[in-house]
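Colleague: sequence first, predicted coordinates after that:
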Amino acid sequence: MKLAVHRFSRIAAVFAGVAVAMTSFTASAQGVISHESWGDILETYVSPGPDGVNLVDYGALEPNAEDREKLDAYIAQFDGADIDAMERDAQFAAWSNLYNAVTVRYIVEKYPTDTIKPWYSTGPWKSIKVRAGDELISLHGIEHDVLRKQWSDDPRLHYAINCASYSCPDLRTAPWVAETLDADLDDAARAYVNHPRGVRVDGDSIDISSIYKWFEEDFGGSEAAVIDHLLQYAAPDLAEKIAARRKIDDYDYDWSLNDAAK
């Protein structure tokens, strides 16, 4: 499925095309991707909601042609860029940022919508594609063929990518960058585990996000390993409750859109 082309005037379209082409050429030639413009988008349109979940103001971004061009230009940098030549943390940051940026663009193009994944659907992740390096890759490919394969030893990768849904780990208000990646991933893990959509204890019952079921293999391959992972990031009070129970009772996931307007 082709991502939609925004409706600009003929002159605006020409200048936008030139800007995107120049940005892409520069990134390809230098082997460097700047995440500054993506950071501007995040800072402008992402903010914590009333219950602590970061929400996106898709309704404000959708009509803003200038910022949508900025988002397109950011994504265009990846076309022809030599991501494999980057150091490892920079590669992770680049792929994670690209996944998140393309997801935001997809939602904006579909907006208004209530969810990225209708109940009868397997989701659009295989059909949403983008050029990165010298290939056309889907969001499914970024998650499963790049991140989960190349960083199979680090389950924190699941806290780095956002599927535009309420129960997904937060879309950060800043881009991932190599310099602070390890600490930022720890922060993201703690934020998710300690929020009820990650782990919820109700009396003797422990319900956790379906992420830990779908990707149990990445979190150690067993319920016990998942619990150990949760204990690593849980705040003391929550950790005490998890340790006392050491059994997962249920899994849950809310696919409603992480929309600031909701």
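Modeller: Nice, I can see it. Numbering: from 1, shown residues only.

Colleague: so Ser168 makes contact with Asn162?
Modeller: Actually, residue 168 is Cys rather than Ser. Yes: applying C-beta atoms under 8 Å, one finds Cys168 in contact with Asn162, separated by 5.2 Å. Where C-beta positions appear, they are placed from N, C-alpha and C, glycine not excepted.

Colleague: what touches both of those two?
Modeller: Common neighbours of Cys168 and Asn162, using C-beta atoms under 8 Å, 6 or more residues apart in numbering, are Asn258.

Colleague: compare those two (neighbour count), which wins?
Modeller: Neighbour tally, Cys168 and Asn162, criterion other C-beta atoms under 10 Å: the higher count belongs to Cys168, 24 against 20.

Colleague: ok but that one is inside a helix, no?
Modeller: No: secondary structure of Cys168 (DSSP: H, G, I helix; E, B strand; the rest coil): coil, not part of a helix.

Colleague: could you check the pLDDT of Asp187?
Modeller: Asp187 is assigned 99 on the pLDDT scale.

Colleague: and what of the one 10 residues further on?
Modeller: The predicted structure scores Arg197 at 98 on the pLDDT scale.

Colleague: and the residue nearest to it when sequence neighbours are not counted, what does it touch?
Modeller: In space, and not counting its chain neighbours, Arg197 is closest to Ser167: 4.8 Å by C-beta to C-beta, 6 or more residues apart in numbering. The neighbours of Ser167, taking C-beta under 8 Å, 6+ apart as the test, are Arg197, Ser209, Ser210, Ile211, Asp252, Tyr253, Asp254, Trp255.

Colleague: list the buried residues in the longest helix anywhere in the chain.
Modeller: When the chain is parsed with DSSP state H, its longest helix is helix 88-110. Buried residues in helix 88-110, counted by 16 or more other C-beta atoms under 10 Å: 89-108, 110.

Colleague: right, and the helix or strand after it?
Modeller: strand 129-132 (DSSP states H and E).

Colleague: which strands and helices lie in contact with the helix or strand following that next one?
Modeller: As assigned by DSSP H and E, the chain's next helix or strand after strand 129-132 is strand 135-138. If you count contacts as 3 or more C-beta pairs under 8 Å, 6 or more residues apart in numbering; DSSP states H and E, strand 135-138 packs onto strand 129-132.

Colleague: run me through the strand neighbours of the strand it packs on, direction for each.
Modeller: strand 135-138 (antiparallel) (DSSP bridges).
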